[in-house]
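Asker: Task: produce atomic coordinates for the following.
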Amino acid sequence: MYAIISRDVSWRDSETPSFPHASLYSYRVRKLDSFKEDVMTVEAGRLRRTKGVYTREKNRVLLKHFSEQKQKVWIIKVS
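Answerer: Now for the predicted structure:
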């Protein structure tokens, strides 16, 4: 398992600076179960998440926990 340290975007090939294509992203990652601090750069297409880690149901729980609706507008709850 790896942890994402940072994300870089190459803007030179992008048509619009507000929303670059997913292939322009690269991530700096390091292995979690290793004692070494080796950092690797990985293309966006080589990253994936394990099935079931992030689901619609978990997203709903997070939204209910950290947000609330006031007068038809969703806002983030104050901690």
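
Asker: Residue 33 belongs to a strand?
Answerer: No: counting by DSSP: H, G, I helix; E, B strand; the rest coil, residue 33 is not part of a strand but coil.

Asker: heads up, I number from 7, so please use that
Answerer: With the count now opening at 7, the last piece we talked about shows up as residue 39.

Asker: ok, how many other residues are close to it?
Answerer: Applying other Cβ atoms under 10 Å, we find 6 residues neighbouring residue 39. (Each C-beta comes from the backbone N, C-alpha and C, glycine too.)

Asker: Tell me the confidence at it?
Answerer: If you check residue 39, the pLDDT there is 78.

Asker: where does it fall, phi/psi-wise?
Answerer: phi -90, psi 20 (degrees, to the nearest 10).

Asker: how much space between it and residue 49?
Answerer: Here residue 39 is placed at a distance of 22 Å from residue 49 (Cβ to Cβ, to the nearest Å).

Asker: can you give me the helices in this structure?
Answerer: Along the chain, counting by DSSP state H, helices occupy 62-72.

Asker: By mean pLDDT, which helix or strand of the protein comes out lowest?
Answerer: Least confident helix or strand, the chain: strand 8-15 with a mean of 60, by mean pLDDT, DSSP states H and E.

Asker: in this protein, what spans have low per-residue confidence?
Answerer: 7-26, 85 (pLDDT under 70).

Asker: quick one: furthest residue from the center of it?
Answerer: The outermost residue of the chain relative to its centre, with distances by Cα atoms, centre = their mean, is residue 77 at 30.0 Å.

Asker: That one: what's it in contact with?
Answerer: If a contact means Cβ atoms under 8 Å, 6 or more residues apart in numbering, then residue 77 has no contacts.

Asker: I'd like to know how far it sits from residue 49.
Answerer: To residue 49, residue 77 is 44 Å away according to Cβ to Cβ.

Asker: Then residue 80?
Answerer: From residue 80 across to residue 49, the span is 34 Å (Cβ to Cβ).
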